[in-house]
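S.K.: Sharing a sequence plus its predicted fold:
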Amino acid sequence: MSNAESKIFYTLTDEAPALATRSLLPIFQTFASACDVDIDTKDISLAGRILANFSHYLKPEQRVPDALAELGELVLQPSANVIKTPNISASIPQIRAAVAELQAKGFAIPDLPDDPQTEEEIEIRAIYERVKGSNVNPVIREGNSDRRAPAAVKNYARQNPHSMGEWLPSSKSHVSTMNGGDFRSSERSMTLRKACSVKIEFTDKYGNKTVKQDGIELLKGEVIDAMFMSKKALRKFYEEQIEDAKNKGVLFSLHVKATMMKVSHPIVFGHAVTVFYKDVYEKYATLFEELNVQPNNGLGNLYNIIKQISGDLREKIEADIMACYKDRPAIAMVDSDKGISNLHVPSDVIVDASMPAMIRNSGKMWNMDGELQDAKAVIPESTYAYIYQEVIDYCKEHGALDPTKIGSVSNVGLMAQKAEEYGSHDKTYEMQYGGYMRVIDEADGMILFEHAVEEGDIWRMCQVKDAPIQDWVKLAVTRARKTGSPAVFWLDKNRPHEAQLIIKVNEYLKDHDTEGLTILIMSPAEATRYSLEVINEGRDVISVTGNVLRDYLTDLFPILEVGTSAKMLSIVPLMNGGGLFETGAGGSAPKHVQQFVKEGHLRWDSLGEFLATAASFEHLADATDNAKADVLAKTLDAATSKLLTEGKSPSRKVNELDNRGSHYYLALYWAEALAAQNDDADLKTKFADLAKQLADNEAKIVEELNAAQGHEVDIDGYYYPSEEKANAAMRPSETLNSILAGFTA
Ligand SMILES: NC(=O)C1=CN([C@@H]2O[C@H](COP(=O)(O)OP(=O)(O)OC[C@H]3O[C@@H](n4cnc5c(N)ncnc54)[C@H](OP(=O)(O)O)[C@@H]3O)[C@@H](O)[C@H]2O)C=CC1
Ligand SMILES: O=C(O)CCC(=O)C(=O)O
Ligand SMILES: [Mg+2]
């Protein structure tokens with residue numbers, strides 16, 4: 001029965017999840033063969049995406065298909081069944097590093113031009129812009145998101161709580177956000193009564209018009225917004241916050257999402273760099289211009305560039321950088337041993353993961369001396385920053401949340417069809433001159449939005465289509481019905497965009513039976529407090545949010561509740577009927593790779609992959625009437641629960657069970673569960689033998705896996721490692737490999 005519908009696509013991505021896949025996928029493929037299901041792969045790694053986009057620069061034998069474009073098509077098909085591991089949403093410094101590695105490996109791809117001048121350079125830059133930032137998820141997320149902690153994970157965390165730093169009322173940590181001049185304060189929003197085509201037009205102060213984009217086709221019922229962040233207000237805000245951090249004796253730490261908000265946030269980040277290190281960037285302004293220094297790529301970019309200039313001048317600049325610290329507050333560090341601060345690389349501190357980590361750590365971050373210290377978390381955009389202040393206030397009042405007692409905040413998030421900020425990337429502009437930005441209906445010339453902007457302001461337009469909103473409301477009601485938990489729409493009637501959504505939510509709720517359900521609408525700050533109160537009473541609550549809060553909350557609450565978002569079940573019911581199964585909410589854990597190559601221990605926990613794969617089998621079973629796939633799904637879930645209770649998750653420390661060892665135990669428990677079930681006799685027989693072989697060889701396999709630890713590992717690359725070496729490193733047990741290879745379905 002090998003047809004299109006019996007196929008699962010598993011993505012090959014980057015960093016830790018890509019390493020883990022090399023060990024885990026052969027296990028999944030072996031088990032899937034027993035129910036006639038193929039698990040095929042799609043390489044959407046950063047390196048793979050660069051190569052696919054520059055095919056015309058490569059020798060024919062080096063060319064690779066555009067797997068992301070293929071997946072983008074696939075997710076529109078009702079038969080789609082995709083398992084997606086986290087991938088790098090690349091910042092420019094990450095792209096540069098990947099390009100250098102690929103070039104060194106003989107791929108003649110072009111350098112990323114900083115300041116494209118010729119037609120060819122402009123074309124090359126445009127291709128890299130397509131590869132940059134969050135460009136995978138918006139393409140394949142053709143559905144809204146349903147993320148939650150499965151009961152087994154929650155119960156395990158209750159019994160084996162992760163550490164939670166103590167919170168004292170005396171903590172000086174706090175969130176600082178703009179109270180004017182930011183996107184929120186200038187936001188305009190409307191719902192379209194009819195389909196139309198609009199253009200974005202800039203008019204300078206002399207009346208000259210430039211069409212930034214035209215022919216933007218919008219649908220009836222679509223909610224569109226436009227807003228801008230004032231450069232002057234942002235820089236003034238940074239100055240004030242730097243001063244305030246110094247006066248209060250707390251660390252200055254910036255939290256943005258330069259990867260997902262791939263156009264606007266690198267600029268927001270760059271201003272923080274040039275304000276914090278103002279003395280240097282102003283003193284050497286002309287030189288830096290000649291050298292093409294790019295503050296949006298962080299202080300690390302400056303250090304890299306001055307490496308190339310003569311000793312004396314370089315030392316002078318370096319001394320001037322150090323001198324900045326005298327007048328500035330202490331700065332939060334990413335790696336104090338290596339002197340890497342929060343302002344070095346735009347993708348090192350990503351707000352969704354960095355703020356919960358700070359909250360878990362008693363509101364502290366690392367200072368230059370490698371000590372924990374209270375911090376000022378600077379989150380310029382005020383739209384969602386308040387939620388973190390609310391959590392901090394709550395912790396100051398009530399102490400840290402107790403993972404042994406608290407309930408859970410799950411999430412239903414709006415993201416389908418490039419909803420909200422996901423759709424803003426090609427409609428975000430850094431203004432070269434002051435003037436007016438207008439969104440104009442092309443049919444009748446009517447001005448839909450108008451903003452007076454100044455040089456350097458960041459203007460953007462977002463959109464969210466009506467069908468995804470209807471789907472989102474339906475998903476929220478479905479989850480509320482299924483769980484009996486209250487569902488809270490985190491929408492602020494005072495924010496223009498959310499006021500439009502509230503009208504739609506109230507309208508579309510009428511399409512469903514909501515009798516007996518608790519469905520509430522609250523502003524994000526109120527909803528934060530309410531949700532904390534509910535979970536502190538041990539009860540659960542569903543957060544129903546827009547795209548950015550989806551991202552923020554699905555790291556925030558999981559990290560507080562179960563220690564990491566990697567253990568979440570993360571499902572995207574695709575709007576055309578297919579299923580996209582993401583692995584947790586976690587990222588690609590660059591630190592894990594560093595540890596792996598240094599000491600041969602991979603601490604990545606593939607629990608998210610286990611959960612996603614079970615959900616994928618379950619979906620396939622329903623979609624194709626494959627009863628065996630259903631048995632595989634149920635037994636995989638049972639094996640995952642057993643793995644948790646038996647403590648066979650990866651340890652953080654070298655020479656203890658790591659990612660590979662946990663995969664062995666998953667295979668063992670899964671085969672045992674299949675051998676023990678009575679729903680399918682054929683599977684029972686087949687897997688009884690496999691279970692026996694895996695059990696009989698436990699000591700030998702674990703020994704072979706452990707022997708691979710405790711020393712450096714060479715996988716020959718970071719973004720494009722050697723397949724042969726990485727596979728060998730991730731599958732070091734000959735015994736396990738031959739047992740799997742010997743399995744016949
Ligand atoms: N869906 C997607 O495709 C996503 C991609 N990303 C990308 O991931 C990269 C890193 O992002 P960042 O914000 O630093 O987030 P990460 O989630 O990668 O890192 C934060 C920390 O979370 C812990 N963690 C995350 N996943 C796991 C896991 N499976 N097992 C064990 N621990 C885990 C690790 O903690 P510890 O070090 O203490 O072990 C890790 O250092 C970026 O390139 C980003 O663009 C980020 C989010 C989602
Ligand atoms: O798309 C991205 O860049 C990251 C997405 C993310 O962090 C998430 O979906 O939780
Ligand atoms: Mg996230």
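M.R.: Everything's here; your move. Ligands and ions are numbered 1, 2, ... in the order given.
S.K.: contacts, neighbours, all on C-alpha from now
M.R.: Noted.
S.K.: residues in the stretch 451-600 of the chain within reach of ligand 1, list them.
M.R.: Residues of the stretch 451-600 of the chain lying near ligand 1 by C-alpha under 6 Å from any ligand atom: 564, 566, 585-589, 591.
S.K.: Taking the stretch 301-450 of the chain, what residue is nearest to ligand 2?
M.R.: Using C-alpha to the nearest ligand atom, the single residue of the stretch 301-450 of the chain nearest to ligand 2 is Asp352, 6.8 Å away.
S.K.: Please save the CA atoms from the helix or strand that contains that residue in PDB.
M.R.: Per DSSP states H and E, Asp352 falls inside helix 351-360. In PDB, the C-alpha atoms belonging to helix 351-360 read as follows (Å, rounded to 0.1, in the frame of the first residue of the first chain):
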ATOM      1  CA  VAL A 351      13.400  36.700  23.300                       C
ATOM      2  CA  ASP A 352      11.100  33.700  23.300                       C
ATOM      3  CA  ALA A 353      13.800  31.500  24.900                       C
ATOM      4  CA  SER A 354      15.900  34.100  26.600                       C
ATOM      5  CA  MET A 355      13.200  35.700  28.800                       C
ATOM      6  CA  PRO A 356      11.900  32.500  30.200                       C
ATOM      7  CA  ALA A 357      15.500  31.400  30.900                       C
ATOM      8  CA  MET A 358      16.000  34.700  32.800                       C
ATOM      9  CA  ILE A 359      12.800  34.200  34.700                       C
ATOM     10  CA  ARG A 360      13.800  30.600  35.600                       C
END
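S.K.: Just list what whichever helix or strand comes after that helix packs against, helices and strands only.
M.R.: Next along the chain after helix 351-360, taking DSSP H and E as the criterion, comes strand 364-366. On a contact count with 3 or more C-alpha pairs under 8 Å, 6 or more residues apart in numbering; DSSP states H and E, strand 364-366 meets strand 333-335, strand 372-378.
S.K.: deepest of those, which one?
M.R.: strand 372-378 (a mean of 24; mean count of other C-alpha atoms under 10 Å).
S.K.: any residues touching that one, and which ones?
M.R.: Outside strand 372-378, the residues that touch it by C-alpha atoms under 8 Å, 6 or more residues apart in numbering are 171-177, 241, 245, 250-255, 332, 355, 363-367.
S.K.: just the helices in the stretch 351-500 of the chain please.
M.R.: With helices called from DSSP state H, counting those that start in this stretch, the stretch 351-500 of the chain shows them at 351-360, 382-398, 466-483, 496-509.
S.K.: Kindly present these as a markdown table, with separate columns for mean pLDDT, mean neighbour count and distance to Leu12.
M.R.: Shown next, in a markdown table, are the helices of the stretch 351-500 of the chain (pLDDT from 0 to 100; neighbours: other C-alpha atoms under 10 Å; distance: least, C-alpha to C-alpha, whole Å):
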| stretch | mean pLDDT | mean neighbour count | distance to Leu12 |
| --- | --- | --- | --- |
| helix 351-360 | 97 | 22 | 22 |
| helix 382-398 | 97 | 19 | 32 |
| helix 466-483 | 98 | 19 | 27 |
| helix 496-509 | 98 | 17 | 36 |
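S.K.: pLDDT value on Ser2, please?
M.R.: Note for Ser2: predicted pLDDT of 44.
S.K.: repeat for the one 3 residues further on
M.R.: If you check Glu5, the pLDDT there is 68.
S.K.: And for Ser171?
M.R.: Confidence for Ser171, expressed as pLDDT, is 96.
S.K.: how much space is there between it and ligand 2?
M.R.: 28 Å (C-alpha to the nearest ligand atom, to the nearest Å).
S.K.: number of nearby residues for that residue?
M.R.: Residues near Ser171, counting by other C-alpha atoms under 10 Å, number 17.
S.K.: Also the one 4 residues further on?
M.R.: Val175: 21 surrounding residues under other C-alpha under 10 Å.
S.K.: Minimum distance to ligand 2, which residue of the stretch 1-150 of the chain gives it?
M.R.: Ser134 (3.9 Å).
S.K.: list the contacts for that residue?
M.R.: 88-90, 259-262.
S.K.: which of those residues are close to ligand 2?
M.R.: Okay, of those touching ligand 2 (C-alpha under 6 Å from any ligand atom), that's 89, 259-260.
S.K.: mind checking which of the helices of the stretch 351-500 of the chain is nearest Pro732?
M.R.: Closest of these to Pro732 is helix 351-360, at 31.9 Å (criterion: C-alpha to C-alpha).
S.K.: ok, the residue of the stretch 401-550 of the chain found nearest ligand 2 - contacts?
M.R.: Per C-alpha to the nearest ligand atom, Arg550 is where the stretch 401-550 of the chain lies closest to ligand 2, at 7.3 Å. The contact partners of Arg550, by C-alpha under 8 Å, 6+ apart, come to 411-414, 544.
S.K.: from those residues, which ones fall inside strands?
M.R.: Cross-referencing the contacts of Arg550 against strands under DSSP state E gives 411-413, 544.
S.K.: which two from the contacts of Arg550 end up farthest apart in space?
M.R.: For those, the farthest-apart pair by C-alpha to C-alpha is Asn411 and Leu414; their separation is 9.7 Å.
S.K.: just the helices in the stretch 501-650 of the chain please.
M.R.: 524-536, 547-562, 590-599, 607-624, 627-645.
S.K.: and Asp111, which of these is closest to it?
M.R.: Of all these, helix 590-599 sits nearest to Asp111, with 23.7 Å by C-alpha to C-alpha.
S.K.: What residues of that closest one count as buried?
M.R.: 592-597, 599 (16 or more other C-alpha atoms under 10 Å).
S.K.: Find the closest residue to ligand 1 in the stretch 101-250 of the chain.
M.R.: Closest point on the stretch 101-250 of the chain to ligand 1, by C-alpha to the nearest ligand atom, is Asn137, at 6.5 Å.
S.K.: Then Ala20 would be within a helix, right?
M.R.: Yes - using DSSP: H, G, I helix; E, B strand; the rest coil, the assignment for Ala20 is a helix.
S.K.: and this structure, which of its residues are near ligand 1?
M.R.: 86-90, 259, 350, 353, 564, 566, 585-589, 591, 604-606.
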